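J.: just coords:
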Ligand SMILES: Nc1ncnc2c1ncn2[C@@H]1O[C@H](COP(=O)(O)OP(=O)(O)OP(=O)(O)O)[C@@H](O)[C@H]1O
Ligand SMILES: [Mg+2]
């Protein structure tokens with residue numbers, strides 16, 4: 001079959017018109033990524049060289065899948081030469097080749113966000129600022145935002161608006177921290193994630209010959225998820241495409257969800273201005289989801305003011321309505337979801353991998369993990385603390401980093417005394433200060449110590465430092481010839497890390513040991529694969545892959561048939577047969593408005609995020625919320641999210657439908673009307689109004705539940721010490737009853753479900769006599 005047969009007419013047009021700038025703008029699931037994939041295959045069929053095509057995707061996984069599909073059409077030996085990956089991985093690769101002209105070694109380290117924060121914290125301390133005022137997280141995100149807008153330290157200092165803002169948040173010295181941070185990264189031969197884009201821009205700006213080389217190399221540029229590019233990315237693409245103008249971008253303004261990381265929806269809106277001679281392609285048919293899901297998603301995104309009008313329809317079956325789960329507690333929400341997975345999997349022969357649970361914040365995963373574990377449902381989590389961020393893994397990786405780039409100060413600080421070799425914090429502090437004073441790296445000072453002793457250390461310490469420098473140098477020598485696996489294995493054993501972990505026979509200790517084994521297995525696999533592909537297989541090459549992993553990327557083969565747990569942000573571009581969008585409560589999703597005057601933009605972004613979540617579903621979508629939830633260590637009473645009420649009621653399956661009163665919609669309409677008006681300073685009509693409505697809904701439902709009092713005993717009869725039975729949690733003992741009727745609250749310890757706080761009027765407890 002010809003590959004073009006797998007496309008509809010609009011898609012085919014977008015694939016075969018290969019010359020000049022093209023914009024493919026279309027709703028979720030309409031085949032944008034497919035068009036991009038087939039367009040590349042088509043270019044290759046028309047004789048373009050694979051090495052002249054650059055495709056930028058949002059995750060490495062997306063790039064890999066795209067490459068596999070293209071391989072299936074044109075053959076692996078052609079496809080393997082394509083330049084395909086995330087912005088960060090592609091430009092890291094280019095920087096490795098070109099970095100020397102901007103003063104960085106080609107083996108520069110990529111600092112992850114933990115390294116960046118740790119360095120920022122050190123600088124705050126060295127500047128004798130208070131960490132309570134200068135919160136490292138806030139400083140880090142200010143620096144990151146500046147970099148994504150291509151604002152260098154000198155420009156930062158000169159920018160009145162920025163400086164004023166920093167004053168207003170009482171951190172007037174962020175500009176100095178930024179400057180020092182930049183200097184120390186440079187001394188350490190390190191770039192953080194944002195630098196990969198910033199330094200590429202600097203490279204192209206200051207070295208026209210380098211820019212020209214890549215402009216000539218890439219005849220064709222393609223970008224997926226263009227709506228989430230930031231200014232730094234936008235400018236790189238614009239510069240690279242300036243010679244041939246063969247730039248094809250695909251995106252959906254309704255799915256722009258990364259403004260907090262500097263993404264600019266304008267990039268897609270301005271494409272037409274930037275390239276007056278462009279072609280525009282609109283795709284309208286959604287191939288992913290049932291009609292019910294597509295219609296529901298359309299009904300909610302229509303409420304956003306700022307958008308390019310789009311028509312999206314599905315010709316798949318009508319499908320089921322979207323089920324809404326209303327849970328009493330966050331624990332019950334977990335239970336309901338796990339239960340539904342078990343039941344539908346059995347009944348409809350789904351696999352575990354056909355399910356995804358999507359939440360707004362990583363912290364919500366725990367409840368679902370517990371619920372799934374109780375039912376023996378296998379799952380995998382994306383994001384959060386990844387495998388590579390675990391202490392033992394980071395320790396070993398820090399050795400690798402130091403061996404590859406001895407200037408890497410953050411790595412050195414982590415392992416100079418691990419395993420313990422008697423080099424204390426005071427010594428390290430002295431070394432670091434000596435390095436800063438001399439404008440060099442800590443390792444350099446360590447090496448010089450024997451001759452010059454610049455840090456003024458005693459003999460015993462000096463000899464320990466020499467031993468340390470000796471091992472690192474020995475590995476560095478080995479690195480010149482050894483492959484990744486041999487070198488990694490030597491480091492793990494000869495440093496004593498393996499022995500140290502082996503000695504700890506507690507379950508956690510064994511777990512750590514296993515993790516290191518797992519890491520080494522991964523390195524072995526990398527080494528073998530690279531050798532088979534004829535690609536470089538040094539430890540430096542392996543580390544490059546690890547440094548550039550994104551949230552979606554830590555997928556392993558053994559993870560195949562598992563339920564997926566991830567944030568909505570990381571679900572972008574993916575699809576699952578069954579999707580649970582959970583935690584749909586005001587102030588959670590949509591998240592709590594920021595600052596005193598929440599902007600319309602930020603609400604609209606939350607709505608786009610919800611649109612992304614809903615449109616991941618192919619066959620069934622579920623929405624759930626809890627009325628009580630533990631957040632920040634205390635029990636909160638929650639209102640259902642406005643997003644539930646904003647969906648046209650005909651697409652929903654709500655347990656007690658009349659509570660939500662969709663046929664009679666003046667209230668919901670009022671919410672929308674207010675929503676589109678600017679929010680006046682000091683007034684928050686949007687928030688108050690919806691909350692009032694949500695509260696009303698909850699009250700209506702509560703009243704109804706009370707009038708039904710199924711089975712449960714009168715809450716007033718329940719006393720501490722009694723054995724009680726709960727419909728779902730089973731048998732438990734009442735530990736405490738507090739509050740006044742009708743709002744009596746009990747703490748109950750359930751044999752199988754653990755300790756729970758329950759509002760007795762909902763809990764329907766039966767006293768066991
Ligand atoms: N013409 C077609 N025939 C059959 N299946 C198609 C066709 N076009 C797209 N699909 C399928 O529809 C699904 C959605 O396509 P794709 O992921 O490319 O959409 P998208 O527009 O990139 O979505 P998103 O906005 O979520 O990134 C995929 O499973 C894809 O294979
Ligand atoms: Mg896509």
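T.: Perfect, thanks for sending it. Remember, it's a predicted structure, so these values are computed and weren't measured experimentally. Ligands and ions are numbered 1, 2, ... in the order given.
J.: can you pull the contacts of the closest residue to residue 439 other than its chain neighbours?
T.: Take residue 439 and drop its neighbours on the chain: the residue closest to it by Cβ to Cβ, 6 or more residues apart in numbering is residue 187, 6.5 Å away. Glycine gets a C-beta too; all of them are placed from N, C-alpha and C. Contacts for residue 187 (Cβ atoms under 8 Å, 6 or more residues apart in numbering) come out as 407, 409, 435, 436, 439, 440, 441.
J.: List the buried residues for stretch 9-21?
T.: 10, 11, 12, 13, 14, 15, 18, 21 (16 or more other Cβ atoms under 10 Å).
J.: what do you get for stretch 37-54?
T.: Buried-residue list, stretch 37-54, by 16+ other Cβ under 10 Å: 37-44, 48, 50, 52-54.
J.: Report all helices and strands that the longest helix along the chain contacts.
T.: If you go by DSSP state H, the chain has its longest helix at helix 507-533. Counting contacts by 3 or more Cβ pairs under 8 Å, 6 or more residues apart in numbering; DSSP states H and E, helix 507-533 packs against helix 391-404, helix 484-494, helix 497-503, helix 539-547.
J.: Out of these, which is the most enclosed?
T.: Each of the helices and strands packed on helix 507-533 was scored by mean neighbour count; the highest is helix 391-404, a mean of 22, by mean count of other Cβ atoms under 10 Å.
J.: hey, where'd the strands end up in the stretch 601-750 of the chain?
T.: For the stretch 601-750 of the chain, the strands defined by DSSP state E, counting those that start in this stretch cover 617-631, 634-637, 652-653, 723-726, 730-738, 745-750.
J.: So what touches the fifth one?
T.: Under the contact criterion Cβ under 8 Å, 6+ apart, strand 730-738 has outside partners 718-726, 744-753, 755-756, 760, 768.
J.: Go ahead and build a ChimeraX selection from the buried members of these.
T.: Per 16+ other Cβ under 10 Å, the buried members of the contacts of strand 730-738 correspond to this ChimeraX selection:
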select :718,722,724,725,726,744,745,746,747,748,750,753,756,760
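J.: Show me what from the stretch 501-650 of the chain comes close to ligand 1.
T.: 573, 575, 615 (Cβ under 6 Å from any ligand atom).
J.: my guess is the first one meets residue 224, correct?
T.: Yes: look at residue 573 against residue 224 with Cβ atoms under 8 Å: they come within range, at 7.4 Å.
J.: and the residue in the stretch 151-300 of the chain that ligand 2 sits nearest to, what does it touch?
T.: Proximity to ligand 2, evaluated over the stretch 151-300 of the chain using Cβ to the ion, is greatest for residue 224 at 6.0 Å. By Cβ under 8 Å, 6+ apart, residue 224 lies in contact with 32, 33, 36, 55, 56, 57, 58, 62, 250, 251, 573.
J.: Please convert those residues to a markdown table, extending it with pLDDT.
T.: Below are the contacts of residue 224 laid out as a markdown table (pLDDT from 0 to 100):
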| residue | pLDDT |
| --- | --- |
| 32 | 97 |
| 33 | 97 |
| 36 | 97 |
| 55 | 98 |
| 56 | 98 |
| 57 | 95 |
| 58 | 90 |
| 62 | 91 |
| 250 | 97 |
| 251 | 95 |
| 573 | 94 |
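J.: Among the residues you listed, name the ones in strands.
T.: Using DSSP state E, the subset of the contacts of residue 224 located in strands is 55, 56, 57, 250, 251.
J.: low pLDDT regions in the protein?
T.: 1, 384-385, 554-559, 594-598, 656-711 (pLDDT under 70).
J.: For it, what lies in contact range of ligand 1?
T.: The chain comes close to ligand 1 at residues 6-8, 11, 26, 28-34, 252, 255, 287-288, 573, 575, 615, as judged by Cβ under 6 Å from any ligand atom.
J.: are any of these buried, and which?
T.: 7, 11, 26, 28-34, 252, 255, 287-288, 573, 575, 615.
J.: now the residue of the stretch 151-300 of the chain closest to ligand 2, nearest residue through space, not along the chain?
T.: Per Cβ to Cβ, 6+ apart, closest to residue 224 is residue 57, 4.9 Å.
J.: sorry, back to before: quick one: which of the buried residues of stretch 37-54 is nearest to ligand 2?
T.: residue 37 (9.7 Å).
J.: pretty sure that closest one contacts residue 71?
T.: No: applying Cβ under 8 Å as the test, residue 37 and residue 71 come out as separate, 10.8 Å apart.
J.: how much space is there between residue 258 and residue 58?
T.: Going from residue 258 to residue 58 by Cβ to Cβ, to the nearest Å gives 9 Å.
J.: Which residues of the protein lie near ligand 2?
T.: Residues of the chain lying close to ligand 2 by Cβ under 5 Å from the ion are 32, 33, 573.
J.: can you state the direction angle for the longest helix of the chain and helix 391-404?
T.: Counting by axes from the mean of the first three to the mean of the last three Cα atoms, to 10 degrees, helix 507-533 lies at 40 degrees to helix 391-404.
J.: Looking at the stretch 351-500 of the chain, which residue is nearest ligand 2?
T.: Taking Cβ to the ion, the stretch 351-500 of the chain has residue 356 as its residue nearest ligand 2, at 15.7 Å.
J.: What strand or helix carries that residue?
T.: strand 355-359 (DSSP states H and E).
J.: Great, nothing more from me.
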